[in-house]
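*Asks:* Predicted structure and sequence below. I'll ask about it afterward.
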Amino acid sequence: MSGGLTAESWSRIHFLDGPVCDGCGAPFEFDLGARCAACLGKPRAFDAARAACLYDEVSRDPILKLKHADRLDLAPLFARWLSRAARVLIDESDAIAPVPLHPGRLLSRRYNQAAEIARPLSRLTGLSYLPDALVRRRATETQGGKSGSGRRRNVAGAFEVPPARAGQVAGKRILLIDDVMTTGATANACTDALLKAGAKTVRVLTLARVAKEHD
Ligand SMILES: [Zn+2]
């Protein structure tokens, strides 16, 4: 099922179905059965992260097209990739929450690509969907071109669970959805906000991730 991708680009997508780091989902060349150096050196707030495919020159194009609304039709296909990539994470979660956009950016772009893949994923998995449990309380600069520590500073404290919605996440095992994971700084900042609101655990599922963190 190509779902609107050409057979040629489909066949070149690098799915992460081999050995990966237990913690962050980075691909291992050999099954080391543990966590990568980055995870051991810098524990994360989230329990585990997985991605469906590698973010590279092949997957970048369809992912950017989703982001810029040219190819919203790809969202259900991407949701299927996520459901296959992370059976265990899904089985260990109660509810799905997308990484939010700042309202200003949502207005200019009209929709949130993370929500576009989270919504069909909740239908596929039967997990409850929490579209607005997390909000971005301040606009952040784009993460592109920033170092790992620059990315962490940029998003630290940028997210919160509004008090009125804390009941949606308290005691729940949350599956956080985003399109691309680079250093994990955004996922970590969202996790901090969810845990602060009483979430039991947070696991992260992204469509794609870079091969190695460049911190
Ligand atoms: Zn790792």
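*Replies:* Happy to help now that I have it.
*Asks:* which residues are contacting the particular helix or strand that has Val88 in it?
*Replies:* According to DSSP states H and E, Val88 maps onto helix 87-91. For helix 87-91, the external contacting residues (Cβ atoms under 8 Å, 6 or more residues apart in numbering) are Ala48, Arg50, Ser83, Thr125, Leu127, Leu175, Arg203, Leu205. All C-beta atoms are positioned from the backbone trio N, CA, C, and that covers glycine.
*Asks:* Give me the three-state assignment for the second one.
*Replies:* Assigned state for Arg50: strand (three-state reduction, DSSP: H, G, I helix; E, B strand; the rest coil).
*Asks:* In this model Ser83 seems to touch it, though I could be wrong.
*Replies:* No: if you go by Cβ atoms under 8 Å, Arg50 and Ser83 don't touch, sitting 11.4 Å apart.
*Asks:* which of those two has more neighbours?
*Replies:* Per other Cβ atoms under 10 Å, whichever of Arg50 and Ser83 has more neighbours is Arg50, with 23 against 17.
*Asks:* Contact partners for the more buried one?
*Replies:* Contact partners of Arg50, counting by Cβ under 8 Å, 6+ apart, are Leu16, Val20, Gly25, Ala85, Ala86, Leu89, Arg203, Val204, Leu205, Thr206.
*Asks:* Of all pairs in the residues you listed, which one is the farthest apart?
*Replies:* Leu16 and Arg203 (15.3 Å; Cβ to Cβ).
*Asks:* Burial check on Val202, number of neighbours?
*Replies:* With other Cβ under 10 Å as criterion, Val202 counts 27.
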